[in-house]
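Colleague: take a look and give me a structure for this.
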Amino acid sequence: MDNYKEKLKKLLIFTSIIGVALIFRIPFLSFTSIDYHAFLSNWFDTIKSNGGFEALKSVTGDYTQPYLYLLTLGTYLNINKLYYIKMISIVFEIIAAFYIMMIVNKKYKGDKVRYLSFGLTLFIPTVIFNGSVWAQCDIIFTAFVIGSIYYILCEKPITGVIFFGIALSFKLQAIFLFPLFIVLLFKNRIKIYHFVLLPITYFVLSIPSLIIGRPLKEIFLTYVNQSGEYKDLTYNAPSIYQWIPNDFFIKTNVVTNIGIIITFIVVLIIVYISVRYIKILNNENIIELSLLFALIVPYLLPRMHERYFFMADVISLLYAFYFPKKFYVAIILPLISLLCYLPFLYNTSSDYILDLSVILFLVLINLIYSFKIHLKDEEKFLMEPRLDLVTKS
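Modeller: Numbers count the residues shown, from 1 in each chain. All right, here's what the predicted structure looks like:
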């Protein structure tokens, strides 16, 4: 009986947290963005007027099939399409909060920390604005990325890679975390043949569209087509390209290629240092590397949008729980992202984004320095038993 009461108590607390989060989102649900009118609303109407799932064999759009499945389900319901689209994101916000809580639970025991981590996830500013205001779905791939990290920490590599494959099947931005899996490979946390699961997962999730009649070529070229849609060096992203004068935009291709090379080199260096100097890859290492890659890649890559820092915003909360002295990182990162959302959503000035990119650069330097310190601390810790043995002998 006591066990039943305890479970009921926990259920009521989680339900209350979700209820408060929903109430907080209600004022934003009627807001419509340019993206909603230009893309999501039109896709929904096209799918609905052309037979629901049958329409997926020909409907155009730069989103992958799994998201279109979710969109299509709504066409069979008697529900406001704007609210439905935003509710998709809200459901995955709850899923992301669950996995955040489970990862935090690996470091701390106790219900209070579980409730806190679960609740804070739902109140990250960009989590609220990305879904409930903008009607974007970045939380979907992010939820699967967080789930992937959780299963890696649980030493379930196959499930972890499958979850990462699902994340990639929703949004290409999940690729920012791919270097982490290279580190995991060299540290024997996953096997090289596990990577085969990534294209297999993408293919399996595409099967419903293939059955309906959508050409395989179109399905597999979705991300290739996306890459050619945007040409500017940055789209309100607080990246290093805010530092480049507008006159350089006539040489976008040159700068873009240089940026890609620089990003590759920096990521390669971090991967090498991690493989070379991390002796035992622990949970803290994985969380720290997750944030570093989720932040450094979009900061250095050209043609990034402001929303591409969303995954880093969410992972920063994990980082704050695993490194409490750095709690401010989980405040600064989402705040920077939120301020970068405003020019697009509310047509405000974007002049301050240059300043935000400088602040973000300083945060990055701070994170890299902390990473270096943690590596040294680990080395000292591993050396202590050897020194004890020398002393005893």
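
Colleague: isn't Gly74 right up against Lys81?
Modeller: Yes. The pair Gly74 / Lys81 is scored as a contact, 6.4 Å apart, by Cβ atoms under 8 Å. Every C-beta, even on glycine, is put in place using the N, C-alpha and C of the backbone.

Colleague: now do the shared contacts for the two.
Modeller: Residues touching both Gly74 and Lys81 (Cβ atoms under 8 Å, 6 or more residues apart in numbering) are Phe44.

Colleague: quick one: pLDDT of Leu387?
Modeller: Looking at Leu387, its pLDDT reads 46.

Colleague: how about the helices of the stretch 201-350 of the chain, start to end?
Modeller: For the stretch 201-350 of the chain, the helices defined by DSSP state H, counting those that start in this stretch cover 216-220, 222-227, 252-277, 283-300, 310-322, 329-346.

Colleague: kindly report the same for the stretch 1-150 of the chain.
Modeller: Counting by DSSP H, counting those that start in this stretch, the stretch 1-150 of the chain has helices at residues 2-25, 34-35, 41-49, 65-75, 81-104, 111-122, 125-128, 138-153.

Colleague: now render these as JSON lines, adding mean neighbour count.
Modeller: Rendered in JSON lines, the data for these read as follows (neighbours: other Cβ atoms under 10 Å):
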{"stretch": "helix 2-25", "mean neighbour count": "13"}
{"stretch": "helix 34-35", "mean neighbour count": "13"}
{"stretch": "helix 41-49", "mean neighbour count": "16"}
{"stretch": "helix 65-75", "mean neighbour count": "19"}
{"stretch": "helix 81-104", "mean neighbour count": "21"}
{"stretch": "helix 111-122", "mean neighbour count": "18"}
{"stretch": "helix 125-128", "mean neighbour count": "23"}
{"stretch": "helix 138-153", "mean neighbour count": "25"}
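
Colleague: now render these as CSV, adding mean pLDDT.
Modeller: Formatted as CSV, the helices of the stretch 1-150 of the chain follow (pLDDT from 0 to 100):
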stretch, mean pLDDT
helix 2-25, 93
helix 34-35, 94
helix 41-49, 94
helix 65-75, 96
helix 81-104, 98
helix 111-122, 96
helix 125-128, 98
helix 138-153, 98
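
Colleague: which residues touch the residue lying closest to Ser89 once chain neighbours are set aside?
Modeller: Nearest residue to Ser89 in three dimensions, chain neighbours excluded: Gly131, at 2.9 Å (Cβ to Cβ, 6 or more residues apart in numbering). Contact partners of Gly131, counting by Cβ under 8 Å, 6+ apart, are Lys86, Ser89, Ile90, Glu93, Cys137, Ile139.

Colleague: hmm, 6 Å instead?
Modeller: By Cβ atoms under 6 Å, 6 or more residues apart in numbering, Gly131 lies in contact with Lys86, Ser89, Ile90, Ile139.

Colleague: what separates it from Phe309, distance-wise?
Modeller: Counting by Cβ to Cβ, to the nearest Å, the separation of Gly131 from Phe309 is 15 Å.

Colleague: and if you look at Leu177?
Modeller: 13 Å.

Colleague: how about Ile88?
Modeller: For Ile88, the distance to Phe309 (Cβ to Cβ) stands at 21 Å.

Colleague: looking at the contacts of Gly131, which is nearest Lys187?
Modeller: Using Cβ to Cβ, Ile139 comes nearest to Lys187 of the contacts of Gly131, at 28.9 Å.

Colleague: so what's that closest one closest to, chain neighbours aside?
Modeller: Phe92 (4.7 Å).

Colleague: show me what contacts that neighbour?
Modeller: Contacts here follow Cβ under 6 Å, 6+ apart; on that basis Phe92 touches Ile139, Ile140, Ala143.
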